[in-house]
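>>> Model the following, please.
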Amino acid sequence: MSGTSGTIDVLVVDDDFMVARVHRTFVERVSPFRVVGTAGTGEQAITAVDELRPDLVLLDLYLPDIFGLDVIPRLRTAGHDCDVMVVSAAREADTVRGAVRHGVVDYLLKPFDYEDLRPRLDRYAARRGRLLTTVVRDQADIDRVLSAGPALITLSTLPKGLSVETADLVERALRDTDGTLSAAECASATGISRVSARRYLEHFHTTGSADVSLRYGAAGRPERRYLWRG
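The predicted structure follows:
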C-alpha cells in the first residue's frame, strides 16, 4: 500500500482517540499525505506497521503499554524502514536526545495546531523527494539531500510561551548572519517584535547555543549582541 500514486502513507499513533482523530484531520489536509490507519498502543502500532506498511509514523511517546521510543527499535528489528516523527508532550532533554539517536525525522511538542504540523510535513515531503530522486555524483549532492533537516536541539528546553517555529526562525537568523546579531536586527530579519526576539535570543544564550557580547555606543545602555555557537 505504501506510497501508491506518489502519496505518502501515514500511521497516526496516540492513546487518546480524540487526539488521534484531530491529528489525522491535520495530516489529511496536507498533500500528498494520507492517513492509512491509527493505533492507540505500542503493540497496535507495531502490528499496524506490519499490515499497512506506512511511509511515516506520527508517534506519541506516552503510550499505555510501551514507551514510544521503544517502539522504534522493534520496528527496525522487524525490518521496517518507515520514518518516524515524534509528536509528544515530552520535553525532557534525555528523551529528545534519545529520539535523535533513534533517527526520528522530526519532533513536535504537544499541544500543536495545524499550522505547526503543516510546515514540518512539507519539509519532510521535500526531503523525502530529494532522497528518492537524487543522483549522487559528489559531496555537494549529498549535502543538498541532507540540507534543511529538522533542528531538534532546542525543542526540549523551550520555556513556556516560546514556540518551536519561531525558535527555528531566530536560530536561522543567527546562523545566517555574518558576525553578531542584536535583538532589533533579529526582529527585522524574522518579522517578530524586538521584545520577542530578545526572549528567544536570551533563551539561546541561557542554553549555551549563543554567546553574548556588549557593544557600547556614545550614550545609554550597551547593546547586547548574539553570536550562534550551536
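
>>> Quick check: buried residues in stretch 69-76?
For stretch 69-76, a neighbour-count test (16 or more other Cβ atoms under 10 Å) marks 69, 71, 72, 75 as buried. (Each C-beta comes from the backbone N, C-alpha and C, glycine too.)

>>> Look at residue 224 and tell me its secondary structure.
Assigned with DSSP: H, G, I helix; E, B strand; the rest coil, residue 224 falls in the strand class.

>>> Let me see the contact set for it.
182, 183, 198, 201, 212, 213, 214 (Cβ atoms under 8 Å, 6 or more residues apart in numbering).

>>> what's the closest non-adjacent residue to the fifth one?
On the basis of Cβ to Cβ, 6 or more residues apart in numbering, the spatially nearest residue to residue 212 that is not a chain neighbour turns out to be residue 205, at 5.1 Å.

>>> since we're on the one you found, how many residues are nearby?
16 (other Cβ atoms under 10 Å).

>>> From residue 56, how far out is residue 89?
Distance from residue 89 to residue 56, counting by Cβ to Cβ, to the nearest Å: 20 Å.

>>> gap between residue 16 and residue 85?
Residue 16 is 17 Å from residue 85, by Cβ to Cβ.

>>> hmm, I was thinking of residue 208
Using Cβ to Cβ, residue 208 is found at 26 Å from residue 85.

>>> same deal with residue 95?
Relative to residue 85, and taking Cβ to Cβ, residue 95 is found at 15 Å.

>>> and if you look at residue 104?
From residue 104 over to residue 85 the distance is 6 Å, taken as Cβ to Cβ.

>>> So which of residue 208 and residue 85 has more stuff around it?
residue 85 (20 against 9).

>>> In terms of distance to residue 138, which of the contacts of residue 224 ranks first?
Of all the contacts of residue 224, residue 138 sits closest to residue 201, with 36.8 Å by Cβ to Cβ.

>>> in what helix or strand does that closest one lie?
Taking DSSP states H and E as the definition, one finds residue 201 inside helix 194-206.

>>> now that helix, how far from the centre of its chain.
Here helix 194-206 shows a centroid-to-chain-centroid distance of 20 Å under the convention Cα atoms, centre = their mean, to the nearest Å.

>>> Many thanks, we can stop here.
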